[in-house]
Structure formats: structure tokens, C-alpha cells
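Trainee: build me a model:
(chains A, B, C, D, E, F, G and H, ligands or ions: 10)
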Amino acid sequence: MAGTDVVMAGFGGQGLMAIGKILAKAAMDEGLQVTWLPSYGPEMRGGTANCVVVIDDQPIGSPVVRQAHAAIVMNKQSIDKFEPTLVDHGLLVINTSLIDRRAERGDLRTVYVAANEVAESEGSGKAANMVMLGAYVGATGIVSPKAVEYAIAKTFEEKPKAAESSVRAFRRGYAAAQGQPS
Amino acid sequence: MAGTDVVMAGFGGQGLMAIGKILAKAAMDEGLQVTWLPSYGPEMRGGTANCVVVIDDQPIGSPVVRQAHAAIVMNKQSIDKFEPTLVDHGLLVINTSLIDRRAERGDLRTVYVAANEVAESEGSGKAANMVMLGAYVGATGIVSPKAVEYAIAKTFEEKPKAAESSVRAFRRGYAAAQGQPS
Amino acid sequence: MNRVVIDKDRCKACEMCVSVCNKELIEISDELNAKGYHPVELHDPEQCTACGLCALVCPEGGIAVYKAKKAG
Amino acid sequence: MNRVVIDKDRCKACEMCVSVCNKELIEISDELNAKGYHPVELHDPEQCTACGLCALVCPEGGIAVYKAKKAG
Amino acid sequence: MAGQRLLMKGTEAIAEAAIRAGCHHFFGYPITPQTEIPEYMSVRLPPLGGTYLQAESEVAAINMLYGAGGAGVRVMTSSSSPGVALMSEGFSYLVGAEVPAVIVNIMRGGPGLGNIAPAQGDYLEMTRGFGHGDMHAIVLAPSTVQEAVDVMGLAFDLADEYRNPVVVIGDGLLGQMMEPVSFPDTEPKVFDKPWATTGKAKSRPRNITNSLYLDADQLEAHVRDLDVKFQRMDVEQRAECWMTDDHPEIVIVAYGTMARIAKTAIRQLRAKGLSVGLYRPITAWPFPSRALEPLVEPTRAFLTVEMSLGQLVQDIRAQVGRRRPVSFYGRAGGVVPTVEEIISQVELLHASLAAA
Amino acid sequence: MAGQRLLMKGTEAIAEAAIRAGCHHFFGYPITPQTEIPEYMSVRLPPLGGTYLQAESEVAAINMLYGAGGAGVRVMTSSSSPGVALMSEGFSYLVGAEVPAVIVNIMRGGPGLGNIAPAQGDYLEMTRGFGHGDMHAIVLAPSTVQEAVDVMGLAFDLADEYRNPVVVIGDGLLGQMMEPVSFPDTEPKVFDKPWATTGKAKSRPRNITNSLYLDADQLEAHVRDLDVKFQRMDVEQRAECWMTDDHPEIVIVAYGTMARIAKTAIRQLRAKGLSVGLYRPITAWPFPSRALEPLVEPTRAFLTVEMSLGQLVQDIRAQVGRRRPVSFYGRAGGVVPTVEEIISQVELLHASLAAA
Amino acid sequence: MIEPLATDEKVVFERTEVLTDHALHYCPGCTHGIAHRLIAEVIEEMDIQDRTIGVCPVGCSVLAYQYFDVDIQQAAHGRAPAVATGIRRVLPPDRYVFTYQGDGDLASIGMGEILHAANRGEKITVIFLNNAIYGMTGGQMAPTTLPGQKTTTSPFGRDTAQTGHPIRMCEMLNTLVEPVLIARGSLSSPKGINRAKKLIRQAFELQHQGFTFVELLSTCPTGWGITPTDAVKWLDRNMTPFFPLQVFREPGAMPDASHKYAPDLKVRDEA
Amino acid sequence: MIEPLATDEKVVFERTEVLTDHALHYCPGCTHGIAHRLIAEVIEEMDIQDRTIGVCPVGCSVLAYQYFDVDIQQAAHGRAPAVATGIRRVLPPDRYVFTYQGDGDLASIGMGEILHAANRGEKITVIFLNNAIYGMTGGQMAPTTLPGQKTTTSPFGRDTAQTGHPIRMCEMLNTLVEPVLIARGSLSSPKGINRAKKLIRQAFELQHQGFTFVELLSTCPTGWGITPTDAVKWLDRNMTPFFPLQVFREPGAMPDASHKYAPDLKVRDEA
Ligand SMILES: Cc1ncc(C[n+]2csc(CCOP(=O)(O)OP(=O)(O)O)c2C)c(N)n1
Ligand SMILES: Cc1ncc(C[n+]2csc(CCOP(=O)(O)OP(=O)(O)O)c2C)c(N)n1
Ligand code: SF4
Ligand code: SF4
Ligand code: SF4
Ligand code: SF4
Ligand code: SF4
Ligand code: SF4
Ligand SMILES: [Mg+2]
Ligand SMILES: [Mg+2]
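Mentor: Numbers count the residues shown, from 1 in each chain, chains lettered A, B, ... in the order given. Ligands and ions are numbered 1, 2, ... in the order given. As a prediction, the model looks like this:
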């Protein structure tokens, strides 16, 4: 495989860091090289939080990426910030629950998913991040859904309920990505 | 002239620093180059204090001297410490009031003076250092007695009595050196 | 009528103003502001006594309160 | 007889012991020690009560005091 | 958990590796981007019967190291640039009194308060000026989280072996990123420390931890002894030469995170047909000159890449001298040079060599 | 007292020169061998309406400089090696926030507490590592008490001109010796400081003294601006080449007190017929490479002499490279190399050149 | 955008102009914002904006220089009192100098600087925001952290057997002679806020007489992990009992400890 | 060479063996020597020489490591409490750790370290020699220098308007919760010396319960420029009124400030 990377951005509290780690763990478990890097505390509060995951089958150079191959954006600020920075024909996974516009660039591959609504319909509004992760994995096939589901289970080892709803949300996102990207 | 130097050593409180400065000032006033350097506080108390004065008509290199041309020693420790370090045929000015031995080295020029007794006989036991300075200047002629007397006067500007007794003590030391060094 | 002006862009939805208004006039709105918060809004403005407490506790300095002068 | 032993090499002639001896038994001597001080010495040792005050105040730890055991 | 691959943050991996190296005592003060180290220690050490103590300041922390290291235990602190600068006097005391200890510096943007973004601006300070007086300390600069784990054990061993503090430097990226790591399964080496101030048993004279020698001759003798030791440390030179066997035209010089980024650039450059290799100091001090020397003649030009405006490059220039051109590319203030930037720098350099 | 020759201690002459350079504000903490500077200031400044304040520590002192310098006045502190090391973080803040100030370091034996004897062991620290982050400051190294007087005025001018702290280094000998000096009769230069935080007049926006730039791009821009400034400082290179006009076989390299001792040695060596000259950096940073360069080719060998185990010599070696041999002689811990030692080193060197 | 004042109304509350327009970076409900506003209001009311120099610390309020529209310096962590001393000692006496510091900054790393500035009687005002935690770095233990309080570096709760009790700065400063005002307020309620403002005003007014110190108990909802509205309750319930809201010293209420002493320094009288 | 004990006498006073034979470097009459001896005697009497680790400061007593025949560390200026903390926290609990510090060391540069060690309740004994001056560096002003006292950096006498009043460390420490012994003694008279020794003994005995602190008013004849015998009088006359000789805290006499606090840290009770 050729190396790839994805930036995940949204408000603090939307769980972007968490899905980044889950993706990283899934990749590791599949024997890949991986790095996860948070946009670590601007020592200031508010605004957006993001992390970037790099996955490769060769040793990874930079854990930091200026032009990502893909972005998972969960709020308006994030799409504004990261859409322009993606590589040509990059992938943009957009949470339509909180973002009321479409991608502006014509070259991008896009996945639209109403993550918050979908998650709520699965019984846990908090799992919108998992929906987004599912959509990304569905659109890219970068790791197997099984690996992700295992990573989710591990992450919520002590909260089986959360694990379950997370997996459900992940699957819904995964499925949603099948018709797309356009 | 060839450059020369003299180390002045004794107990703290015997006024060695002071006569060093007076000699340095006299040399400066005579248009010579001069440095004065105290053995600055070993950050410990007690023991001996010393300073070294270097006089030259060329710019002075080292203000610190490991083998001095001359030593003025006012107590036993000082003669023990500095006699061995003098250059060949160096000059040793010995305060016999507090040092009950003669120079051990055969090559040295020596001046013996009972500085404390002499000073006391001039009315100020404190001026023993001036006697020693006088003996050194008398033995070397490194600066003119006038210049020293002027420097003494300047130093004790606000204490004319001390100035007077110091000058008298200096002259007695100067005179004492005339018969010597042997 | 007294007037309470909330700077919605500054509001971070901390609800401090909500909790101090004795008249319970302030509520979180459905809007989302640029920072991603649901800013508060005033309902029943007629009931406001212009006591100023909401403005006093707002950490963002985002509330201004004006009292209508008595007629005459 | 009580005994006061002054370590003359340690003595710095500070006169602390001199000032505390109620019997005024301690005095600066004419000797010069290696450090250049005139160490103190005891006179009239018979009068010493071995009260120990001189040793207590000596900053150099230079005094030892021994009390003669009562006969019998 | 040994052997197993774990996804861990650099800072946490460093902390865990230290614990496994037998360091059960940590004194430190929070500062981004390394606060996870004290945080991790505060969870792990008390149950082990060790010490986690939040010092009142970095100045206090380094002096707590002095006390603890002098008493004979493995001890560490960690901080970031401004906090590390405050340890300067204490570090010199550790060297002067020959107290082993490990100091981790996860560097951030400077000077002054700067920011918390990743940087390599303390290279000169750590290798040259970290304290007053004639002194040195081994400085280890890992490039990956796994290597950070590996050097921690080494750092403690070197500290004990030489009775000298050892510094480990990384940048914010190394500290903040997660990567898969596995921990070695070895038991920590145990050093005999008859000099430690543990209480003077009747059987031995008292032990003194001290750097004061009022007499100049004595101090000189002491400093010369230290210097002999510093010279002995020269055997600890460590460097990685990567893709240099085929005598590439251009050698990139980089350390820490910068080096791994350079590796990606080199892979891509080689794919494009350019002849490029990497020289990576692992010990920032002693500077690994022995590994560099054989590269100088075969190489046509060096390019040093740093997250600073040019520090390591000074060591390269000093050694390479006029023999080969040494060019420099650096970003500062927390900006990290990208693979693309490195590639374009190398291409420029290649073009200029071709033209010459 | 201007013009007149006065016999003064180095420390006191430095203090007096600072006052005459318009520095009426001093913050410092006692430490041998420079305590006469604060003592002198405590007598002289209050009657002038200036400030003498004994800080609670060197850390506080350097931060008081930050406040006062940021408020626009000429301000200084002085200390010695361990105390100066404690100023490391604050010094980096001065550079980062572009606050002018003068710091005097009268170096003593190290590392650690070391002793109070004269030494030059902080050269690397002062020129390379005095604080974290990419930073530099001009370092002036006078050789005589008269020159110490002369560089003080220069130090304040350079600080104001570049809005950067300036360091003056001497060793304990320079601080403690008395020599005849005379003071220049010039009025201090006055610099306009529109950036000073003196109270925000209605007519201008507020002034901010700051080194924080949370955004990496902004910090990089700031650091690059600083770097441009550091590069501009290159014009401040100052060195003395003495007895080098006749292209001597051997050039001794030394600075500060060491250089004057070397001069005596050179006079005596020349009297013996040996061909020897001196290269003396006056600015330890920027390193005066331009003055050194023309000496490299004509000279057969360099000998660097220091009161340390080899610091300045690193700069010499970096520049001279393999072109000429650079040998080193140093004493440490407060021992000062003598004229005789230098002479015998040169004679040895001369013999080996003759043999070669 | 605050709407203009209608002619038939009077202002009950408007944002002071001594604060810039910059949006605050603090977390929702963080009382740093309130403290900023109170200080700015006092500066405005005393009409000393052109003579005030602020010093901000390292802590969440590190960016305070963006908010106060006065000349201002950003100080190294803990050193604000030293920086303020430098400013105070060199500028004309009519200036007002204040520092703004958190509890990590002032009571941990900056302990030496605050005590010595106070003891010298530096004519400055120190506003001390005590939120019982290191906010900026993500919630570590502070010297003022309560017994049992969980932070990221006291994960099992502050263990007083290992780390002691919270430090009470007002009480400690009150053992010194020089300070002229030492008081503790709280930002947990409208009443507290009004009282805090009075204390700040008093401090600035007394500043030219000597060292003035106002501690303000503050919330850190993020560091404490609770909502802003719960945070004020937590503060009242848990902090206030140990940190009593009190004026420890003010002109007219000077404790024993503040008595001045002027020995004649002779060895004995007969001399 | 002290002569051997005759069989028919009993020892009233002999030099303790916990002091080495090294001649002290202190000036004539300097009470540092007395303090050393008292500590050594206590160590001997408690028979803890093999379990005691000392920490000496930078100050005139920098060479204390030559005198105490125990394992000992020489600490950086002001940092002895941090060094002692490092030692205490890593050695077995049966060890005795003490620091010996001057007033410049402890109350100026080392203010942060001593207060935090005290506040953490470090189980160490701090012996604080207060001689109102920086002896070692040649007589500069200390935080404890008296108003009007001339030193080389207060050449016109300490001006309290510029530099404040002397700092009283015991009083300040007494605002903290953890210390178990805080006391001030004096070395100016035989009575004082005997009392000082009792305090030191008490401190060592209580050390394993918590932080213990003994301040000893001391003379610096050299720095003060008077004779040793005048110095003790000067101390009694001028220092003691401002630095009262008092036990501020001991088990059984704990002031209000030392009350422990254990909140339950809930937001409210109904929760
Ligand atoms: C020398 C140094 N040490 C540590 C830090 C990291 N640091 C930044 S803010 C802070 C603590 C802030 O806590 P506090 O003063 O209580 O302010 P708050 O954020 O709670 O308002 C620390 C430790 C630093 N910037 N510099
Ligand atoms: C960091 C540092 N700053 C300053 C000094 C210089 N210094 C040595 S001892 C001392 C003060 C000693 O005074 P004090 O603690 O009162 O002890 P005393 O000599 O009076 O017993 C100072 C400032 C130093 N060695 N290190
Ligand atoms: S002014 Fe008073 S009544 Fe009106 S909204 Fe605000 S708090 Fe409520
Ligand atoms: S107090 Fe201010 S920020 Fe908080 S909810 Fe109300 S208006 Fe918004
Ligand atoms: S023991 Fe008592 S009586 Fe005897 S000499 Fe000493 S002080 Fe005087
Ligand atoms: S007290 Fe001790 S040192 Fe002082 S004079 Fe007496 S014996 Fe000598
Ligand atoms: S972390 Fe705490 S102190 Fe900092 S801004 Fe957030 S709530 Fe306020
Ligand atoms: S200077 Fe003072 S404290 Fe130091 S040894 Fe002399 S008398 Fe004692
Ligand atoms: Mg806080
Ligand atoms: Mg003292």
C-alpha cells in the first residue's frame, strides 16, 4: 500500500482524538506502521481540536502533515480550515449535522453523513464520531472493519454498553459510505 | 626599568592590602604601569591574607605571580609560604617582631625589621605595615619615598593623625633598609 | 422597556447568567455561533428588572443592560 | 581539683569564655598559636567550679571541663 | 507487556521505559509538551513504592535530583525548554559533584516563552552551555518513540557508569505522538554506589556529595579528573548512517524527529533517482564524529535540516570544514520542515552540483 | 574625574563606567568575585536618584531587568558563574521580547560551586547556550580594567541599538585587580524607545513586552526577524591582532586576562628571537572571524591559551579547520597559566614546527 | 456589537473600554474573564489607563496582554512580581503597576518573588487568581489544591501526608510588616464579584502607599471537570472554608505582625 | 589534644565525636561553631550518627561537610531543602535528614524551597542560623538585616521604605498546616545555648513526625564589625525584640493555622 494520512477535526469534546486512536490501534493490529498526533493544547481553550493519523507499511517519517490525504470534519470551522489544505483528489468526510455547506473544491472525493442524527438514532448522540470513523473507513478500506471494531471494544473495555453503541454507530457510518464517495 | 613585583603577606588586619594600594598608587603617580591584586576572600575566614603588586614601565601582563621578585612577610605563616616561591636572588622583607626565624634560602636578599616595635616607638602600633613598606621601598628604590608619602597622605586624607604616624613609620622602615639588604 | 443586549458571538453558553437571573429570563438558544456554542437568549424581556446580575457574572463581558428611564 | 583543658591550637581568642566565667579565671595569654591568635589560659585553677560555661560558649569546641569527684 | 506492541504516546513511553530501567523516583514540574511524563509517573510510581513528587519549580526539581541521586537511587526529571533553562545551575552541580541522574527535555519553540510547538532550538544549550564551568554530559536524541524507549535504559546506565547526569532530548512531536512500541524484557543493570550518602555505617568513612574545592589546585585536579571522564565518554558516540553504503552524492544530516522526516524524503528522492543518504547523530554529545568522517570524502554535499535556525549544522561545519559544502535548511518557532520542503532543498542542491 | 588616572578595582571601574554610560538602575545579588559591583552601586546610585536594589536571587534579578529594560531605562545586573547560570531562562526572555539590558559575568571556577578563583569556564555557555531557543547576544570580553571601562559604554549602546541583552565577561582577576584607569568624557548616547511600557499615552496604541507567539508561523516570523538582527550584529565583530603585522610563525589565541598574560609572554619570546603574535577576540560573540581569517594562511601554527580546559579553541578550530594546526594549553579551576608556561608551550610548538 | 444607548435609558452595565475587543480564550464559565473585567473597570473608573502598566503571568491568563488596553509586560512563569518591581522602581511614582497571577504561578514557582516583593513593600497591586489547580497545562496539582482533590498529578486525590495542605497566601503574607492591603475575595456569586471589585479598587487606591494584594477564589470548570454553574457551588462549599473571605490587613486594621521596628542598634545604652 | 580523663573526675564537658578534628574556618567568636557542636552533640546523644544525612548550604557554613562526621551533601545556594527532600524521599524512613542554612541562603534565594518543604511536611530538621547578614560574601544585607543596620549593600543603613523590614521566618512558617515544630532560639548566652540544644534535640526527635524548624539567632562579629563579646550583646539588644525567642509550634501547642482540613469535595450535599 501507499502511505496515507487523515486529519480529524471538530470541537473539543466531539471525540476526534478518540477515533484517531482507535484508527491507529486498528492499523497497528493489522501490522501496519502508524502514528497518531494531536494538535496538542494550544495552551488555549475553545476553538477546534484535531489530530492526524498516518498509516503506512513502511516506517513513517513525519507524524505531522500539512496537506493531508483525507479529512474528517465535524464542524464548520474544521471544513473551512482543512478543505483547502487537502491534496488533489483528497477525501473529505463531512458531518452534515453541523456543517450546512458542501465541499467547495471540485476535485475532492466527498462523503456526507449526518453523524449526529445517525448516532442518535442508534441511541447514543455521543457516538457521532464513530459514525464519522465508519464513513472514513468505509470510503477508504484502509483497515478492516473488524480491526476497528476490535479496537473499539478494547477502548471501551470497561464500558461494554458504550462499546456496543459505538460499534453500531461505526457500522452505520461504514454503510453510509458505501453509496458514496461521489 | 625591568618589571618587578612584590607579594605582601600576613594576618588579615595587619594592613597588607593597604600598603599594597599605597605602593600601587605611588607607582601610578610616577607614571608607571601597575596592578594590585588581593588574594581575594577564600570565602573563608582566618589564615593569611596577601596581595601582590606588579610594577612595570610596559603594559603589565599577569597581575598574578607565582614566583615573585620580592615578598614582604609579616607573620610566620607568610614566610613559610612565600620564601620558597621567590625567584632566585629575590628580596625578602621580614617582620622580626612576629617572625622568629631567619631566611632559609641562601640566595635571597633579606631585610629584617622589627616592624611592630618600630611602629610602636613611633606611637602607633598599627603602622607596622608602613614600616615594612618603607623597608621594601628603601631596599628597592622602586618608587621615590616622596611618591609613597604623597600616596599615604592621600589615603589618610581624612585622618591627618594617622597619615602623620604612617609617614613616620614609613620613614623609619625606609631608613632601616639602608644598612641592609644583606 | 429595559434592555439586555447579549453579544452572541462572545457567548460561550456557560449558563452563569442563566443561573443568576432571579426572573429566569435567560435560556440557551438553538443557534450555533462562530465558536460553536449555543449562545443564550432572553425571553420575556418585559419582565427584566435590569438588575444587571447577568452582566455582572458574564465572564465574557458579553452582556449589556440598560434601564428604561421612568416616564417624565 | 577541677580541670579545664583549653586546646590552644583551636583557640581564636574570641574571649567568649572570658566573658562568661563568673570567677573571671580565664585570660588572654601572651603566646601566639599557629593561627596567629593569643590563646586564652586559665589562672587560679583551684577556684574553678567546673561549671562548664566556658566550654559551653566556646565556638571552637576547644575547652573540656572535668570535675573532681568528691573524695570518698 | 514486554515484547507486545503497544500504542503509546512518546511522553508516556519515556516514563514507562524509565520505570522499567529501575527509576522509581521522579521529581518534576508540569510544562507542555511533556506534562504526561509527570502525570504518568504520578499514577505509576506510588503503587511501586517509589516517589512521584511535584516540585515547586524546576530549580527545586533539579536540586531534588541532586539529593536523591547523591543518596544513590536512579532518579529523573523532565521538562521543556524554559523549565530546562532554569535547571542550568543545578545541572552544573550534578556534574561537579558527580551525581548520576537523567534529565529529559522535550523541546518547544523559543526563545523566551515562545510557544509549545515542537522545536530543536536547545541543541547548542544542551550540548555546550547547560551550566557554568568546564563540564559536559551525554545527550541522547532519539528519533522514534521506540528509540526513546530504548535510550531511556541506556541513559540510566550511562549516568551510573560515568557518575554524570545524562540528558535525553526530543521535540514536541516525539513527546506528543503515539506510535507502536514494545518494551525490552531485560532487568535493569544494578550499579554499586559506595559513594552514596545513605547514612555513614560505622565501617566506612563518611560520604560527601560536593563540588566545592576552595583551593585552585584541588579544583583543577578535580576538573581534570572530570575531563578525563568526559574524554572517556567519547566511546559513547552513536550515530545512524542510513542509505550511505552506496556513497550517495548528497547526505542529509538531521537528528530526532527531523531525521525520520528526512528518511521519507530520502525514500522519495531515491525513487526519483537522486542519490541521497542520511547521517543521524544519536548522541548529540559526544558528537559522533567517527561515523561522520568516512562520509565526508565520498559525499559531494551535505544538507543539514533542523527545527531551528541552525545549531547542529555548526558541528557539521566544524568537522567537514572546507572539504565539502554544508548547506542548511531550518524552520523555527514550532514549524516542522516537511518532506516536500526537504525534497525541494535536495533537488536545488543537486541541480547546483550538476551545474558546477 | 574624567581624563584623570585613577587606581581602581576592575569591579568598581565597571560599576562606575556603567553609571557614566547612563545606567542608573541596578538589580543584583551578591556573589564573589564581583560583589563590589553591587556594593559600589548601593553607594552611588541612590544619591543620583537611581535604583540600587538587592534582588532576592539571580532569578529575580534578571526578571527585574526585564521589567525595567522593558520600561525603557538602561539597566544592568552582574553576577558570577553559578548566579549567571540561574539567569538562563530570564536571559532567553530578554532576547525573545527584545529587551535591552547588560549582564556582567565575572567568571569563577566551576562546575558546580567550584570556587571563587578566576576562570574562563563559561565561554561556551555565554556564547552558545545561555538560554533556550534560537537566540544570541553580543558578548564582550575586555582584557584590562581600562578596556572594561571602555566596553561598558559600548555594551549599553549595543543593547539599545539592537534591542537585545549584551553580556560582558571577565574573570576574577579582572574583577579583583586594581589598575590605573581613566573614564571617557563623553555623554551617554540617548536612544528613543517608543516601544517602552511607560504608560499608554492616549496618542498611541498600547505597548507590549512579550515573547509569546502561540501560533507557530507567527513565532517563526518573529524568530526569523530576530535572526536577521543576529546576523546584523555580525558587524560588531571586534578583535585585536597584536604583533601580527610581520606574519609571525606562531599566533597565540587568548581573550580577557589570559590575553594580557600572553602579551607578556610574546614580548619575552620575541626577545628570545621567536616569531609570535596574538589574536584576541574582544567580542566572544559574534566570533571575530574576519580578523582571524587573514592570519590563517601566513601563520604556521596556532596556540590557544585559556583558563579553562578548552572552549574558545573550539571556535578557532572550527574556523582554521585543517588548514593549520591549532594546539591548546589550558588551566582550570582557578589556576591561571603563567607567562612561563605559555613561553614553554610556544617553545615546544616552535621546536615541533622546526622538526617538521 | 452592542447596540447604542437609546436616549431614554440609562446604562446599568456596559463593557469597559479598558478591555480590548479581543474575544477571550478562556473556557466557558472561567472566572478569569470576570477578574479581567473588574480590573479594567477599576482602571477606567480611576481614569488611570495612561498611567497603568500591567504584568501578566504564565498560566491560562498568559494572553492577558491581548485583553487589557494598557501598556503591559508578559513575565516568565512566577516572576511577575520581580518584573513589576523592575517597572515600579524605574518609572515615575505616579504610575500604577499591577500583576495578575495564578496560583501555580504565584504560590508555587513564584513563591520567592511574591514574598520578597511584598516584604520590600513594592508599591504594586497583585491580583491573585486562586483556582486550586494548574489550568493552562491541563489540570495538575497546585499548592492551593484541596486535600483529596483529584488532579492529573494527584490522581488519587491530594494526599496531605505526601504533599501537605493548600497554602494560604494571604495568611502567609500577613506575617510581613510592609503590606498595606491583604484581602481575599471570591468570584463565585454576584455579591462576591461586587465585593471583589471593591477590593481591587481599594488596592489600586492604596497602591502608592505600599504593597497591595487581592486574592480571588476562582473557578476552573475544565480543570475541575464540572460545569461552570457547579463550579461556583463547589468553590463556595469546598474552597471558602479553608480560604476564608476576609480582609486580613488594611489601613486602620493592621495586625500585630505589621508593627514597624526601629532599633537604635547600639550594643548597650551606656555606650 | 584534650588530655585523658583521670579516673577520679567526671566529665562536665568534652568535644563530641560527631565533629571531626578539622579546625573550624569561622571567624573568632562566630556562633556557627556553637551551632555545629550542638547538632553534633544531639546526634551523638541520640546515637543516630549512622542514620543521619546532613545538607549544608552556601554561606559561611559551606564547609560544614568537613566538620560533621556524618554522610553529608553540599547543596546549591538556597536549595538545601530541595536537596534534603530528594534524600528524604528515597532513603528508608529511619534516616534522619537535616539541613543547616544561613539567612541569606534560607530566607532570600531559598525562600521558595524552604516554604514548600515545610508545607509538604517533609520529615526533615532545618537548623536556620540567622545572623542578620551575608557573612560569607563579606557583609551584605540579608532579608533579616535590621532596620537601620549598615551593611556593604545598605551603606546608609537598611532603609525599610526601600527594602522593607526583616523577614521573620518562624512567624511565616507558622501559617502553614504541616510543620510539627517551629521554634526560635539564640546562641548569645549559656542559657540560650542550652535552650537551643534542647530545641535541636526536640526537632530531631520529632523529625519522623514531620517538618521541624529551629531558628537560632547568631552573631557575625566580622560582618557586624564588632567584637564577639559585643556581638552577643548587640544580638540580645537589637535582634531579640524583633525576633522573639519563642516556641511557635510544637505537639500540644498547635496554633489555629495548623488545623487540618478534609473537605468532602462534593458540589452540594443532596448530590
Ligand atoms: C518555567 C516554566 N515552567 C512551567 C511552565 C508551564 N506552565 C505554564 S502555565 C503553568 C501553571 C499555570 O497554573 P496557574 O498559575 O495556577 O494558572 P491557571 O492556568 O490556573 O490560571 C505551568 C506550570 C512554564 N511555562 N514555564
Ligand atoms: C547562586 C549563588 N548566588 C550567590 C552566591 C554567593 N553567596 C555565597 S554565600 C552567600 C550568602 C551567605 O549568607 P548567609 O546564607 O546568611 O550565610 P552566612 O554566611 O551569613 O552564614 C552568597 C550570596 C552563590 N554562591 N551562589
Ligand atoms: S438584568 Fe436581571 S432580570 Fe434582567 S435578564 Fe439580567 S439578571 Fe435577569
Ligand atoms: S454568562 Fe455570558 S458567556 Fe455565559 S452563557 Fe451568559 S452570556 Fe453566555
Ligand atoms: S568551668 Fe566555669 S569556673 Fe571553671 S573556668 Fe570555666 S567558666 Fe570559669
Ligand atoms: S571561647 Fe574558645 S576560642 Fe574563644 S577565647 Fe575562649 S577558648 Fe579561645
Ligand atoms: S483551564 Fe481552567 S483556568 Fe484555564 S481557561 Fe479553562 S477554566 Fe479557566
Ligand atoms: S563572616 Fe560572620 S558568619 Fe562568617 S565566619 Fe565570620 S563571623 Fe561567622
Ligand atoms: Mg491556577
Ligand atoms: Mg547570614
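
Trainee: how about low-confidence regions in chain A?
Mentor: Applying pLDDT under 70 to chain A flags the ranges A:1, A:41-47, A:181-182.

Trainee: which stretches in it count as strands?
Mentor: Secondary structure of chain A (DSSP state E): strands at A:4-11, A:33-38, A:48-56, A:70-73, A:91-95, A:109-113.

Trainee: between these, which gets nearest to ligand 6?
Mentor: Proximity to ligand 6 (Cβ to the nearest ligand atom) singles out strand A:33-38 among these, at 67.5 Å. No exception for glycine: its C-beta is placed from N, CA and C like everyone else's.

Trainee: touching that closest one from outside, list them.
Mentor: A:17, A:20-21, A:23-24, A:27-28, A:49-60, A:63-64, E:7, E:173, E:176-180 (Cβ atoms under 8 Å, 6 or more residues apart in numbering or on different chains).

Trainee: repeat the analysis, applying 6 Å as the threshold.
Mentor: Residues from elsewhere that reach strand A:33-38 (Cβ atoms under 6 Å, 6 or more residues apart in numbering or on different chains): A:17, A:20-21, A:24, A:27-28, A:51-56, A:59-60, A:63, E:177-179.

Trainee: stretch E:251-264 too?
Mentor: Contacts for stretch E:251-264 (Cβ under 6 Å, 6+ apart): A:61-62, E:141, E:143, E:171, E:173-174, E:277-281, E:295, E:299, E:302-305, E:307, E:316, E:339, E:342.

Trainee: repeat that for stretch G:235-248.
Mentor: So stretch G:235-248 is in contact with G:146, G:170, G:174, G:182-184, G:186, G:188, G:217, G:219, H:261, H:263, H:265, going by Cβ under 6 Å, 6+ apart.

Trainee: neighbour-wise, which of those leads?
Mentor: Neighbour tally across the contacts of stretch G:235-248 (other Cβ atoms under 10 Å in any protein chain shown): the maximum, 35 neighbours, falls on residue G:219.

Trainee: related to what we said a few turns ago, got the contacts of stretch G:235-248 as TSV, with distance to residue C:24, pLDDT and secondary structure columns?
Mentor: Shown next, in TSV, are the contacts of stretch G:235-248 (distance: Cβ to Cβ, whole Å; pLDDT from 0 to 100; DSSP: H, G, I helix; E, B strand; the rest coil):
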residue	distance to residue C:24	pLDDT	secondary structure
G:146	32	98	coil
G:170	36	98	helix
G:174	42	98	coil
G:182	39	98	strand
G:183	33	98	strand
G:184	31	98	strand
G:186	24	98	strand
G:188	20	98	coil
G:217	26	98	strand
G:219	22	98	coil
H:261	36	97	coil
H:263	30	97	coil
H:265	29	96	coil
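
Trainee: and residue A:133, what is it in contact with?
Mentor: Contacts of residue A:133 were listed using Cβ under 6 Å, 6+ apart, and they are A:19, A:170.

Trainee: relative to ligand 8, how far out is it?
Mentor: As judged by Cβ to the nearest ligand atom, to the nearest Å, residue A:133 and ligand 8 stand 70 Å apart.

Trainee: ok, how many other residues are close to residue E:267?
Mentor: Neighbours of residue E:267 under the rule other Cβ under 10 Å: 17.

Trainee: alright, I will stop here.
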